[in-house]
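> Structure, please.
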Amino acid sequence: MPTVSGKVVLITGAARGIGAQTARELARRGARLALVGLEPDELAAVAAELGDGHFWAEADVTDPDSIEAAVAGAVEKLGRLDVVIANAGIAPIGTVRHSDPRAFVKTVDVNLNGVFHTARATLPHLIDRRGYLLVVSSLSAFSPTGGMAAYTASKAGSEALASAIHSEVAHLGVAVGSAHPSWINTDMVRDIATDLHTFETMRKRLPWPMRATTSVEDCGRAFADGVERRARRVYVPRAIMVMHWLRNVPSSRLAERLMLPILRRLIPQLEKEATRLGRSLSERHQKLQG
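Have a look, this model is predicted:
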C-alpha cells in the first residue's frame, strides 16, 4: 500500500471531530498537516498536539478569498500540497416546513459551496503533485432521512461534485474520492442528540447499518486508509457500502410503508422540539457562523 509518510495533507474543518482525528492519524503515519477551520484556539491546540512541522490557519470555506489565503499560507509554510480533505460541514435542525431558511442556505453554502471553493483553491497544487482530493460526503447522500433535508441535499451535492471533479482531472493524474460516514461520535452528532431527543429516537429506529454509530478514532483510521489507497469511495463503517449499492431502497414504496407509522408519530414531535429550541443550528455552529 502507498504511504502518506512525508506527504502534505490539508484538512478543512480540522479543529475538532473527524477532521482533527484524521489529522492525528495521518500525522502518526508520518504526514505533515495543514489544519484549516473557524476555531483558531482549537486549531492551534491540535497543531501543537501533532508536534513540530505542521501548520494551521483560520479560514471560512464559504469565502473563496479566505480559503485561498489559507491554502497559500500552507504552501508557503510546507512547500506543497499532496492531499486535500474537504471535510468542513454543518448540520441544521428541523424539517423543511419549520426550519429557518437561512440555516438551509448556510448548510448548502458550507457543505457544498465550501467543497467547491476548497477544490478550486487547491487543485492547481494537486495537479502539480498528481495528488488526491477526498470530499467528505455522508451516508445521507444516498439514504435521505426526515429532519435532515438540508444536510442530505448538500451532501448528495458534494458527492456529485466529487464525481464531476474526478472526471475533470483524472487525465491530469489527480485522484478524487468521496467519503460516506454514517453516524460518527462527534460533537456535531452529540449536539443533535442533545437538542432533539425525538430525532435520536427516530435515528435508532432506522434499519442497520443506517443506525450504526462509529467512534471518531475508527473513522479517522478509515479516512487515513482511504488517503493511502487514493480511494474512490470511503465507507464508515464498511457496511455502508451496501446502502450505496441499494441507494434507492430508502425511498422505495416498501421502505416508506415500513417507516410511515414511525414518521407519522415522530416527525410532528421533532418539529415541536425544533420550534421550542428557537434556532435551526446547534449553539456551537450558531456562534461560529455569526
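> end-to-end on stretch 8-19?
One end of stretch 8-19 sits 15 Å from the other (Cα to Cα, to the nearest Å).
> Could you pull out the helices in the protein for me?
In the chain, the helices defined using DSSP state H lie at 17-28, 40-50, 64-78, 101-108, 114-129, 149-169, 187-195, 197-204, 216-229, 240-245, 253-277, 283-288.
> quick one: the closest residue in space to Ser137 that isn't next to it in sequence from Gly73, how far?
With sequence-adjacent residues excluded and distances taken as Cβ to Cβ, 6 or more residues apart in numbering, Ser137 is closest to Glu159, at 4.1 Å. The C-beta positions use only the backbone N, C-alpha and C, and glycine is treated the same way. Here Glu159 is placed at a distance of 29 Å from Gly73 (Cβ to Cβ, to the nearest Å).
> Of the two, give the one with the bigger neighbour count.
Ranked by neighbour count (other Cβ atoms under 10 Å), Glu159 and Gly73 place Glu159 first, with 24 against 16.
> Name all residues that make contact with that one.
Neighbour list for Glu159: Val135, Ser137, Ala141, Phe142, Ser178, His180 [criterion: Cβ atoms under 8 Å, 6 or more residues apart in numbering].
> possible to save those residues as TSV with neighbour count, distance to Pro2 and pLDDT?
TSV is the format used below for those (neighbours: other Cβ atoms under 10 Å; distance: Cβ to Cβ, whole Å; pLDDT from 0 to 100):
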residue	neighbour count	distance to Pro2	pLDDT
Val135	27	20	98
Ser137	30	23	97
Ala141	23	27	89
Phe142	22	28	85
Ser178	29	19	97
His180	23	22	95
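> Make a markdown table from the residues you listed and add distance to Val83 to it.
Listed next are the contacts of Glu159 as a markdown table, based on distance: Cβ to Cβ, whole Å:
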| residue | distance to Val83 |
| --- | --- |
| Val135 | 12 |
| Ser137 | 17 |
| Ala141 | 21 |
| Phe142 | 25 |
| Ser178 | 14 |
| His180 | 18 |
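> Tell me the one among the residues you listed nearest to Ala231.
Using Cβ to Cβ, Ser178 comes nearest to Ala231 of the contacts of Glu159, at 9.1 Å.
> Now for Leu50, how many residues are close by?
Counted with other Cβ under 10 Å, residues neighbouring Leu50 total 21.
> Would you mind confirming that it makes contact with Leu26?
No - if you go by Cβ atoms under 8 Å, Leu50 and Leu26 don't touch, sitting 9.1 Å apart.
> circling back to that earlier point, and the residue nearest to Ser137, how close does it get to Val227?
Using Cβ to Cβ, we find Glu159 at a distance of 18 Å from Val227.
> Likewise for Leu172?
Leu172 sits 19 Å away from Val227, going by Cβ to Cβ.
> Could you check which of the two has the larger neighbour count?
Val227 (28 against 11).
> Tell me the spacing between that one and Ala72.
Going from Val227 to Ala72 by Cβ to Cβ gives 22 Å.
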